[in-house]
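Trainee: got a predicted structure here, sequence first:
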2 protein chains.
Amino acid sequence: MATVSRAMRGLPNVSPATRAKVMAGIAELEFTPDRNAARLAAGRSGTIAVAAASLQLWYTARVVSAVEAVLTAEAQDVLVITLGDGTAASLVGGVARRVDGVIIVDVVPDEFERSSLRAMRVPWVLAGCRDEEASSVWIDNVEGGRMATRHLVELGHRRIGVIGGAPTRVRSTTPEERLQGHAAALAEAGIEIDPALVVDGNFSVDGGMEAVRALLRMDDPPTAVFAMSDEMAFGVIQACREDAVDIPGRLSLVGFDDHDLARTVGLTTVRQDPSAMAVSAARTLLDLLAAPDRDPVHTEFELELVVRRTTERNSAGASVDRLRDRLK
Amino acid sequence: MATVSRAMRGLPNVSPATRAKVMAGIAELEFTPDRNAARLAAGRSGTIAVAAASLQLWYTARVVSAVEAVLTAEAQDVLVITLGDGTAASLVGGVARRVDGVIIVDVVPDEFERSSLRAMRVPWVLAGCRDEEASSVWIDNVEGGRMATRHLVELGHRRIGVIGGAPTRVRSTTPEERLQGHAAALAEAGIEIDPALVVDGNFSVDGGMEAVRALLRMDDPPTAVFAMSDEMAFGVIQACREDAVDIPGRLSLVGFDDHDLARTVGLTTVRQDPSAMAVSAARTLLDLLAAPDRDPVHTEFELELVVRRTTERNSAGASVDRLRDRLK
DNA sequence: CGTCCGGTTGTAAGCGTTTTCAATTGTGCT
DNA sequence: AGCACAATTGAAAACGCTTACAACCGGACG
């Protein structure tokens, strides 16, 4: 019994002859070990959860896919958990006593969740944003927002709309951090931020459409928009096409992500690499599982502004520049 | 012990008073049941696998997401398994004795896999294509291919390229079925199929780019292309934009899926609803779990041609039409 | 030839539930 | 009050592994 167990799992201290016999027997009997029993006996589940707010986003699909690839290669099962509105309960409930670790994608666990995870001794790593307590693999969202808006400011835009996500909906710090960056870039240029220009696009194509329409209906509409995800930016493009609003002529547009299709539609965007982040997050968790007392590690991934066809010099803003130059 | 177990799981034959006491105790002790032990004892894992060739495709992301939503609501865990190249081993290995059922997305299991699943008594349902043995939730891919090509034929196109996936790569009947439909539509119009016009686009944006470039380099290039997925069609659009090939002026294009962004880029496409299919597949599997001996059920979902801006009457083909009319 | 030791194999005690079945309690009748 | 019977509770046997530990085996060494 014990020898078979050892032989099957490739543990040492089994003679080659015995191992061969065991393998032959397994093949002959078509024996398949019961993973549940193994889990119970070993006290480990061999399963890692990936928790995200949605699986439909381009970003999360990439992350889950890459995580799955890494973990499967390490013989770990991958459980997916989506965090809807009743998030607290579902992260804790989803994880409860059945996984060895969790990768939390772009959602910041609250104190209750943290203490539950600690109590269950389930290590976690955050992918997408920084976490002070646990390991994380992150991008500098503040800097990303700043890059996007600075680009628009440099093109002469002064009234810049922001399409993000309401923080209540997605319990993520990402939207607010990118907004901070946006505000910082504005401040650097001496532009005052107008809260009315910040609208919710729900990180979806449809949300982006609605959001840009709301923005353009304003008395003093923006000449440029920073959408916090390419998917929302695609919505902007679509709505503008339908409403005959020229991009970039009348409205410049910057997205965030560098979605596969950003190139197709010529979208200027802030590029990140979710697959690489996900691989790193998975490896970090695996390391943590092997050495639980290790100090948290934080890996930052770079962002890059990719300028394409949806951004252009703002004529009105440019004339203001000229005016200002002349006044010197 | 037994009473607690019953009370916790909401089974009958527990007095209200006892149940309340149990609940109080659970709360006080912060007790969390060990799912692995429960699984071992009950002989069920409470876990369902979703197996797909890739998680990065728009289509599979939708399916996994919808499946997850349904199954989570039924307190089932969702395990994701991607089927790479060594598919046989991984489907069987992935499923081995740890899940109660599998939803296989757009991959047709081979005889070895079928017999393994049968031997392990793991029921499965196929999402995306029809299966004679097990339950399936499917679309008529032949008809879908026919719809796409018939539309192009009606617009006067005679040389129509097809961008699909090599069947060896994705062990799915989908590409070949859609190709059959294409051939049928061609045959109905009395057009002979040219095998050189059928190329592999790997169901990716990049693959679509390469494929359309190969097509356009031909001595006698097509005037229209049917791409078997919108993602490949997006690649076509991108390559054509880069190469200054006018769509639909010089090349008409039909996709397949009705991706979120198909509307954004004005892509004519064959619409399917993977979320609805996935929900149906999940429910079918749940039913099967409850009543294992039920006869297989097959649910067909409708396809719909959505005409947008990437298809246009072919001037050359149109003139042939006129010529033919005059000759009558 | 006996002893020691590293490597290998076997034994048996869990792991934390579920579930069967027996024991107990409570209820409604006569 | 006594009885039959249903509802509830409790005891204990699985479930199929892992793993600590004991037992064994054979070669190296004194």
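Mentor: That came through, no problem.
Trainee: you'd agree residue A:273 is up against residue A:303?
Mentor: No. Counting by CB atoms under 8 Å, residue A:273 sits too far from residue A:303 to count as a contact (9.2 Å). Where C-beta positions appear, they are placed from N, C-alpha and C, glycine not excepted.
Trainee: who has more neighbours out of those two?
Mentor: Between residue A:273 and residue A:303, counting by other CB atoms under 10 Å in any protein chain shown, residue A:303 is the more crowded of the two (21 against 18).
Trainee: how many neighbours does the residue nearest to that one when sequence neighbours are not counted have?
Mentor: Leaving out its chain neighbours, the residue that sits closest to residue A:303 by CB to CB, 6 or more residues apart in numbering or on different chains is residue A:144, at 4.8 Å. For residue A:144, the neighbour count with other CB under 10 Å is 25.
Trainee: which element is residue A:144 on?
Mentor: helix A:141-154 (DSSP states H and E).
Trainee: return the set of buried residues in that helix.
Mentor: For helix A:141-154, a neighbour-count test (16 or more other CB atoms under 10 Å in any protein chain shown) marks A:141-153 as buried.
Trainee: likewise stretch A:90-105?
Mentor: Applying 16+ other CB under 10 Å to stretch A:90-105 flags A:90-92, A:94-105 as buried.
Trainee: next one: stretch A:299-312
Mentor: A:299, A:301, A:303, A:305, A:308, A:310, A:311, A:312.
Trainee: could you do stretch A:31-47 as well?
Mentor: A:32, A:35, A:36, A:38, A:39, A:40, A:45, A:46, A:47.
Trainee: okay if I get the residues you listed as a markdown table plus secondary structure and distance to residue B:278?
Mentor: What follows is the buried residues of stretch A:31-47, written out as a markdown table (DSSP: H, G, I helix; E, B strand; the rest coil; distance: CB to CB, whole Å):
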| residue | secondary structure | distance to residue B:278 |
| --- | --- | --- |
| A:32 | coil | 28 |
| A:35 | helix | 26 |
| A:36 | helix | 26 |
| A:38 | helix | 31 |
| A:39 | helix | 28 |
| A:40 | helix | 32 |
| A:45 | coil | 26 |
| A:46 | coil | 26 |
| A:47 | strand | 22 |
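Trainee: also near DNA strand C: which of those, exactly?
Mentor: The subset of the buried residues of stretch A:31-47 within reach of DNA strand C, by CB under 7 Å from any atom of the strand, is residue A:40.
Trainee: rewinding a little: just checking, which of the buried residues of stretch A:299-312 comes out lowest on pLDDT?
Mentor: Checking pLDDT across these, the minimum falls on residue A:312 at 90.
Trainee: ok, back up a step: now intersect the buried residues of stretch A:90-105 with the strands, please.
Mentor: A:101, A:102, A:103, A:104, A:105 (DSSP state E).
Trainee: and the closest residue to residue A:292 other than its chain neighbours, how many neighbours?
Mentor: Among residues not flanking residue A:292 along the chain, residue A:123 sits closest, at 6.4 Å (CB to CB, 6+ apart). When neighbours are defined as other CB under 10 Å, residue A:123 has 21 of them.
Trainee: residues in contact with residue A:123?
Mentor: By CB atoms under 8 Å, 6 or more residues apart in numbering or on different chains, residue A:123 lies in contact with A:100, A:101, A:102, A:117, A:134, A:285, A:288, A:289, A:292.
Trainee: hmm, the first one is touching residue A:120, no?
Mentor: Right, residue A:100. No. Counting by CB under 8 Å, residue A:100 does not reach residue A:120; the two are 10.5 Å apart.
Trainee: which of the contacts of residue A:123 lies closest to residue B:69?
Mentor: Within those, the smallest distance to residue B:69 is 19.2 Å, found for residue A:102 (CB to CB).
Trainee: pLDDT (mean, whole number) over stretch A:180-194?
Mentor: 96.
Trainee: quote the end-to-end distance of that stretch.
Mentor: 13 Å (CA to CA, to the nearest Å).
Trainee: which of the residues in it are buried?
Mentor: In stretch A:180-194, counting by 16+ other CB under 10 Å, buried: A:180, A:181, A:182, A:183, A:184, A:185, A:186, A:191, A:193.
Trainee: ok, stretch A:11-22 next?
Mentor: Under 16+ other CB under 10 Å, the buried positions of stretch A:11-22 are A:14, A:19, A:22.
Trainee: tell me the gap between it and the middle of its chain.
Mentor: 45 Å (CA atoms, centre = their mean, to the nearest Å).
Trainee: for residue A:252, see how far away the residue nearest to residue A:79 when sequence neighbours are not counted is.
Mentor: Closest residue in space to residue A:79, ignoring its immediate chain neighbours: residue A:49 at 4.5 Å, by CB to CB, 6+ apart. For residue A:49, the distance to residue A:252 equals 41 Å [CB to CB, to the nearest Å].
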